[in-house]
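*Asks:* all I have is the shape, not the residue letters:
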């Protein structure tokens, strides 16, 4: 029934027991206190133990059904949980953009006006929810996956890469990929390696606050991504997400140099060790630099979608024991990326298992857990010892990017020299010759171009 | 011989073969090119394969001895590698500070005027190298360890904690701990848990550039740390290191909220998810906040130096396989800290091994790999699933701090409820109720107090 939408098991039992239905405003009493809010429909197939309330402050909270001692219905907020579907107007003058869905908040909860939390994904639904999209481009949609981004992996990366190539070959002027934010940056780097020689922008976008919350970034991010995909000149895999804490503009991040840096802020995605490529809003795009691949009219995109899954990423911590590395050897791993301390260091007890790993043909690369800066292993004895053992410094590749790249490289070859050559040859800006002086812990005020463009009247 | 100082094995053979000695300015030809610089004495017992040159640009580089094809001596820079030792003047009016040495650049290379790279550590040597120290305080020194900081671990943390307590009970007005920078923040958090109810400041300090380089931060950091230890009012474990890229001031970071964020910058240490406690230089100290433990005159310090070594820290990555967790179970680990994605998530294939781990009595805590923000596991189905399995969110504890704290907690008890209670009860500011709005990716310009104090004429 619609009034029980998405609920099952113990949660549904509790709702029936107390006569509750979706969109009721209720006070639920539990041993941990009283919770007042509106019962939301469930958006994802998920657990059957919680009733989800939207609190007045805008947050959703899951109340464990079995803890509900009593319930009082105090009102009803009728939800318009059918998104008005309108035919997306086709305009032959406008660029054609494909929106590929993988899951996440943008794709699943787009009706930011009505408070509904059901998925909106067809062109008609998108138009009904965010009609401004039609001012920017024509939109075709393809729902590839519907997973939380923590469950994205090589299978989905490869499938998405293939879909990108197909859409470009079919004439798309730009691609948007809707993605959960947790591992959006991992997917961005995987696609940067798996789809090369792009002629059009591939823009990953998500939202940190779902569209049923007043502070949602979903619509602004989607409109900005549509503008960048349709009209932008950066023919690379990029991430378009909130720049500052407000919705003045998105920053455009290169797919191999971006990382999620805050668990809840909308301005969570940050370019690390470099300056972003530019900034944009739904109607404007400004570029900070010129060293990007520009848009082309040909369709000569190159698919290179392989991945060896037996790779691992270890963040070193003090007192790490040899068994951590030994287990990877024993379990048949073929590649290990270490995020070492400082310039690329680990403790002495790891030397022996690392030597064994390399002797047995495992490819070991060093990155830095400081995230900013380079692995420089000639400076101290520890680094030189590790070099001698055969650990290879991966310059300023981010640990997560090195992990993705190593899996991709090992999908091509296991020859030691070839692996090293491929890892240390930049493919998509994942290593840079130098770090600009304003690339460290940048928030926003320290990018001079941002200030200039804002002063010049960009919204 | 002094002219071969520290060299042995193949490096020494090569030096003898070409008639080279320490302090010679040489051109070494290798198959990879020509290197010109001054042969430095070796400061640490280390590898025997490299000759270390100081290049003109200030960097040291290790040349593999067997690669040297020819060598030409073009000059000599006589090194004053005996630091002038002068008796440290005792002034009964001045505070008494103990400098505990663990290793690292501060303790091993302090003669920033002469270019020497030998250790300077006795009070007389320190005074010879940095005479301004005597303007601040009386100094007593104790060289506890001489290890690169990547080799610091529970043994050294416990030994250092005991030495701190001993020195305080003996009347020290403040403690400085000289430490390599790689794991300085891990040690800071360990000491924050192991030494409680501090009546005086405990200041960890290191340097990112050794004192033989023109841009060294060693002397400025040491003088500032001495000022903070002798005269400061923060009776907690804190880190005092370069604030901006210049030597205008140090920032003072709480020991449980600080992380090394750049592999080579001097401004590498940053307070995460909070604002620093204050700023200082060798003569001034300014506080940004009031919520710190103040200096006391009693000596009622509490030693609580225990650590269970069977703990591990896992940074989740996409496609992580169950064997990563299973190996920890099979190898007898008792505690696991996960740095999850987003609000504290991992992929579904890890649910089963995590359930088994918890069933077998392993304590599993969740932190966030975004570093900034909180683990909020009620928001999405994945988080609720993990909560149901028994994974416990550790609020906004940094992953590395949660690792250290879990080892410390498990040194006290393995009772499930007690472990949870201790982990989730703040001991030394490692969890905070909220994140201030200017605590995200702060560099320096966004701390209003810094601007104010600088405008008021602080050097």
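*Replies:* Received the coordinates, thanks. Remember, it's a predicted structure, so these values are computed and weren't measured experimentally. Numbers count the residues shown, from 1 in each chain, chains lettered A, B, ... in the order given.

*Asks:* where exactly do the strands run in the stretch 101-250 of chain A?
*Replies:* Here the stretch 101-250 of chain A has its strands, by DSSP state E, counting those that start in this stretch, at A:138-143, A:174-178, A:195-196, A:202-205, A:237-242, A:250-254.

*Asks:* possible to save those strands as a markdown table with mean neighbour count, mean pLDDT and distance to chain B?
*Replies:* Bear in mind the C-beta positions are built from the backbone N, C-alpha and C, glycine included. Conversion of the strands of the stretch 101-250 of chain A to a markdown table gives the following (neighbours: other Cβ atoms under 10 Å in any protein chain shown; pLDDT from 0 to 100; distance: least, Cβ to the nearest Cβ, whole Å):
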| stretch | mean neighbour count | mean pLDDT | distance to chain B |
| --- | --- | --- | --- |
| strand A:138-143 | 18 | 93 | 19 |
| strand A:174-178 | 28 | 96 | 15 |
| strand A:195-196 | 22 | 98 | 17 |
| strand A:202-205 | 30 | 98 | 14 |
| strand A:237-242 | 29 | 96 | 12 |
| strand A:250-254 | 28 | 96 | 12 |
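
*Asks:* among those, which is nearest residue A:103?
*Replies:* strand A:174-178 (7.7 Å; Cβ to Cβ).

*Asks:* now the angle from the closest one to strand A:138-143?
*Replies:* Between strand A:174-178 and strand A:138-143, the angle formed by their directions is 40 degrees, by axes from the mean of the first three to the mean of the last three Cα atoms, to 10 degrees.

*Asks:* show me what strand A:174-178 is packed against.
*Replies:* For strand A:174-178, the contact count by 3 or more Cβ pairs under 8 Å, 6 or more residues apart in numbering or on different chains; DSSP states H and E identifies strand A:96-101, helix A:154-169, strand A:202-205, helix A:218-231 as packing neighbours.

*Asks:* need the winner for burial among those.
*Replies:* Most buried of the helices and strands packed on strand A:174-178, by mean neighbour count (mean count of other Cβ atoms under 10 Å in any protein chain shown): strand A:202-205, with a mean of 30.

*Asks:* so where's chain A uncertain?
*Replies:* Residues of chain A meeting the criterion pLDDT under 70: A:1-3, A:43-46, A:56-59, A:77-84, A:105-120, A:211-214, A:442-447, A:457-459.

*Asks:* what residues does the stretch 1-150 of chain A put near chain B?
*Replies:* For the stretch 1-150 of chain A, the residues found near chain B under the criterion Cβ under 8 Å from any Cβ of the partner chain are A:44, A:46-47, A:49-50, A:60-62, A:148-150.

*Asks:* mind listing what the residue positioned nearest the centre of chain A touches?
*Replies:* Compute the mean C-alpha point of chain A, and by Cα atoms, centre = their mean the closest residue is residue A:184, 1.2 Å away. Neighbouring residues of residue A:184 by Cβ atoms under 8 Å, 6 or more residues apart in numbering or on different chains: A:104, A:149, A:204, A:206, A:239, A:260, A:269.

*Asks:* who wins on neighbours among the residues you listed?
*Replies:* Neighbour counts for those peak at residue A:239, which has 32 neighbours (criterion: other Cβ atoms under 10 Å in any protein chain shown).

*Asks:* so what sits opposite it in the bridge?
*Replies:* residue A:204, residue A:253 (DSSP bridges).

*Asks:* quick one: it and residue A:252 touch, right?
*Replies:* Yes: in this structure, residue A:239 sits in contact with residue A:252. The criterion is Cβ atoms under 8 Å, and the distance is 7.4 Å.

*Asks:* can you list contacts of the longest strand along chain A?
*Replies:* Looking only at chain A and at elements set by DSSP state E, the strand with the highest residue count is strand A:68-76. Taking Cβ under 8 Å, 6+ apart as the criterion, the residues outside strand A:68-76 that touch it are A:14, A:18-20, A:23-31, A:36, A:51.

*Asks:* if we use 10 Å, what do you get?
*Replies:* Counting by Cβ atoms under 10 Å, 6 or more residues apart in numbering or on different chains, the neighbours of strand A:68-76 from elsewhere in the structure are A:10-11, A:14-15, A:17-31, A:34-36, A:38-39, A:51, A:63.

*Asks:* looking at these, which are in strands?
*Replies:* When strands are assigned by DSSP E, the members of these inside them are A:24-30, A:34-36, A:38-39, A:51, A:63.

*Asks:* switch these over to JSON lines; also include neighbour count.
*Replies:* As requested, the ones in strands among the contacts of strand A:68-76 are arranged in JSON lines below (neighbours: other Cβ atoms under 10 Å in any protein chain shown):
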{"residue": "A:24", "neighbour count": "21"}
{"residue": "A:25", "neighbour count": "17"}
{"residue": "A:26", "neighbour count": "24"}
{"residue": "A:27", "neighbour count": "14"}
{"residue": "A:28", "neighbour count": "24"}
{"residue": "A:29", "neighbour count": "15"}
{"residue": "A:30", "neighbour count": "16"}
{"residue": "A:34", "neighbour count": "11"}
{"residue": "A:35", "neighbour count": "17"}
{"residue": "A:36", "neighbour count": "13"}
{"residue": "A:38", "neighbour count": "21"}
{"residue": "A:39", "neighbour count": "28"}
{"residue": "A:51", "neighbour count": "28"}
{"residue": "A:63", "neighbour count": "23"}
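
*Asks:* got phi/psi on residue A:359?
*Replies:* Main-chain torsions, residue A:359, degrees, to the nearest 10: phi -60, psi -40.

*Asks:* which stretches of chain A form helices?
*Replies:* Under the criterion DSSP state H, chain A contains helices at A:9-17, A:105-108, A:123-129, A:133-136, A:154-169, A:184-194, A:218-231, A:322-330, A:351-359, A:381-389, A:399-410, A:416-424, A:448-455.

*Asks:* of all the residues in the stretch 151-300 of chain A, which one is nearest chain B?
*Replies:* Among residues of the stretch 151-300 of chain A, the one nearest chain B by Cβ to the nearest Cβ turns out to be residue A:263. It sits 2.9 Å away.

*Asks:* next, that residue: phi, psi?
*Replies:* With angles defined as degrees, to the nearest 10, residue A:263 shows backbone torsions of phi -70, psi -20.

*Asks:* list the residues that contact it.
*Replies:* For residue A:263, the residues meeting the contact criterion (Cβ under 10 Å, 6+ apart) are A:181-182, A:208, B:273, B:340-345, B:367-376, B:379, B:396.

*Asks:* from those residues, which land in strands?
*Replies:* Among the contacts of residue A:263, the residues falling in strands (DSSP E) are B:340, B:367-368.

*Asks:* ok so, going back, for the helices of chain A, give me CSV that also has distance to residue B:218.
*Replies:* Shown next, in CSV, are these (distance: least, Cβ to Cβ, whole Å):
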stretch, distance to residue B:218
helix A:9-17, 61
helix A:105-108, 48
helix A:123-129, 59
helix A:133-136, 56
helix A:154-169, 46
helix A:184-194, 36
helix A:218-231, 46
helix A:322-330, 33
helix A:351-359, 28
helix A:381-389, 19
helix A:399-410, 29
helix A:416-424, 33
helix A:448-455, 32
